[in-house]
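> What follows is a predicted structure for the sequence shown.
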Amino acid sequence: MTRSLVWYSFGILFALFTACADFEKPTTPSTDFDIQLVNPVDSSIVADSLAPPDPAMWVESRIQGLRIRFNGQFSETTPDAISGVVDFEGYRVYLARDNVRNRYSIIAGYDLHDYHKWVWAQDSGRYVLFDIPYTIDSLRCLYADSCEDTNFSPRSYTRSSPYVHPDFPDSFYWFEPHDFNMSELGSTTPIRKAYPDEPDPSTLTPGELTPERFTDEGFLKYYEYEFDVDNLYPGMMHWVKVTVFDFGYAPLGIDPSETDFWSGAIGAYSLPRP
């Protein structure tokens, strides 16, 4: 393990930030619930997002199944080449019996618990999207009674029943889940942390990033995940790929991107019962 890798790992903070845009405060919204993605900075920008780097992945044969292990240290900490934002959103696990592109199916997924905030804009007469997704924690701090108010649910505010800001009664917002919000590892998703007790590296000092914090392959254990695939036909080759996807960057009109689900797939056999 080189010192540069340790300092690089420590120096990256895995955080989502929210961007704010000024707009003329709206009057009461009409029943025309058109929505659009807007670029308040420069509407002439046209760019394709680059998905974060694929996670490192290993596949182990098991009795009538496979164990998939992957590490997303660089998937979750690499800034987007265009926006400069760490835009990691989640992972998807694909499986196929033959390494043929159109035969892969999604068997598991994980994504952050976050939401789009649609804002009623007077000038366009419709709801518009200005910002990157907001985490559930940031929405609670902004719009709930307190940051610890777990009763606040963004899903309660829809296009037909928006949130009305108490300090600006002519401001209206509604919230839409970004992806499926399968964010509870081992609960809402079968993907789980391989080392659930490992602390977030961003909370550690350089001296605490000891060799025990890293896997044998040299990755931080905090970003290590595993997933079991069961009930596979014994003795048959199966192909696996774990992809990573981002949330794009709405301020620049950049759509979300995902890495290729076929390129780099790993094949492994499920084992017969003894």
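Here it is on my side, so go on.
> For residue 240, list the residues it contacts.
57, 59, 66, 68, 93, 94, 95, 229, 265, 266, 267, 268 (Cβ atoms under 8 Å, 6 or more residues apart in numbering). Quick note: C-beta positions are derived from backbone N, CA and C, even for glycine.
> Please repeat the previous calculation with a cut-off of 6 Å.
Counting by Cβ atoms under 6 Å, 6 or more residues apart in numbering, residue 240 touches 59, 68, 95, 266.
> so the third one bridges to which residues?
This means residue 95. residue 105, residue 240 (DSSP bridges).
> In stretch 138-147, which residues are buried?
138, 139, 140, 143, 144 (16 or more other Cβ atoms under 10 Å).
> Go ahead and flag the most central residue of this protein.
Residue closest to the mean C-alpha point of the chain, counted by Cα atoms, centre = their mean, is residue 89 at 1.4 Å.
> got the contact list for the helix or strand hosting it?
Applying DSSP states H and E as the criterion places residue 89 in strand 88-96. When contacts are defined by Cβ under 6 Å, 6+ apart, strand 88-96 is touched by residues 52, 76, 103-104, 106-112, 227, 239-247, 261.
> Check stretch 102-117 too.
Taking Cβ under 6 Å, 6+ apart as the rule, stretch 102-117 contacts 89-96, 129, 131, 133-136, 154, 173, 175-179, 181-183, 189-191, 227, 261.
> count of neighbours near residue 92?
By the criterion of other Cβ atoms under 10 Å, residue 92 has 20 neighbours.
> The one 10 residues further on now?
Around residue 102 sit 7 other residues, with neighbours defined as other Cβ under 10 Å.
> on that earlier part again, for the strand holding residue 89, what is the average pLDDT?
Mean pLDDT, strand 88-96: 98.
> Grab the nearest non-local neighbour of the residue nearest to the centre of the chain.
Counting by Cβ to Cβ, 6 or more residues apart in numbering, residue 247 is the residue found nearest to residue 89 once chain neighbours are left out, at 4.3 Å.
> can you tell me how far that neighbour sits from residue 235?
In this view, residue 247 and residue 235 are 41 Å apart by Cβ to Cβ, to the nearest Å.
> ok, now residue 179?
36 Å.
> swap in residue 160?
Taking Cβ to Cβ, one finds residue 160 at 54 Å from residue 235.
> Then residue 109?
On the measure of Cβ to Cβ, residue 109 and residue 235 end up 28 Å apart.
> out of those two, which sits in the more crowded spot?
Of the pair residue 109 and residue 235, residue 109 is the one with more neighbours under other Cβ under 10 Å, namely 19 against 10.
> The more buried one belongs to a strand, doesn't it?
Yes - counting by DSSP: H, G, I helix; E, B strand; the rest coil, residue 109 is part of a strand.
> per-residue confidence for it?
98.
> mind starting the numbering at 529 from now?
Yes, from this point I'll number from 529; that puts the last item at residue 637.
> on that earlier part again, how many neighbours does the residue nearest to residue 617 have?
Residue 775: 25 neighbours (other Cβ under 10 Å).
> My guess is it contacts residue 611. True?
No - the pair residue 775 / residue 611 is not scored as a contact, 10.2 Å apart, by Cβ atoms under 6 Å.
> what bridges to the residue lying closest to residue 604 once chain neighbours are set aside?
Ranked by Cβ to Cβ, 6+ apart and with sequence neighbours excluded, the top spatial neighbour of residue 604 is residue 616, at 4.5 Å. Beta-bridge pairing for residue 616 (DSSP bridges): residue 774.
> Ranking helices and strands of this structure by mean pLDDT, which lands last?
When each helix and strand of the chain is scored by mean pLDDT, DSSP states H and E, helix 531-539 comes last, with a mean of 37.
> so where do the helices sit in the chain?
Along the chain, counting by DSSP state H, helices occupy 531-539, 664-671.
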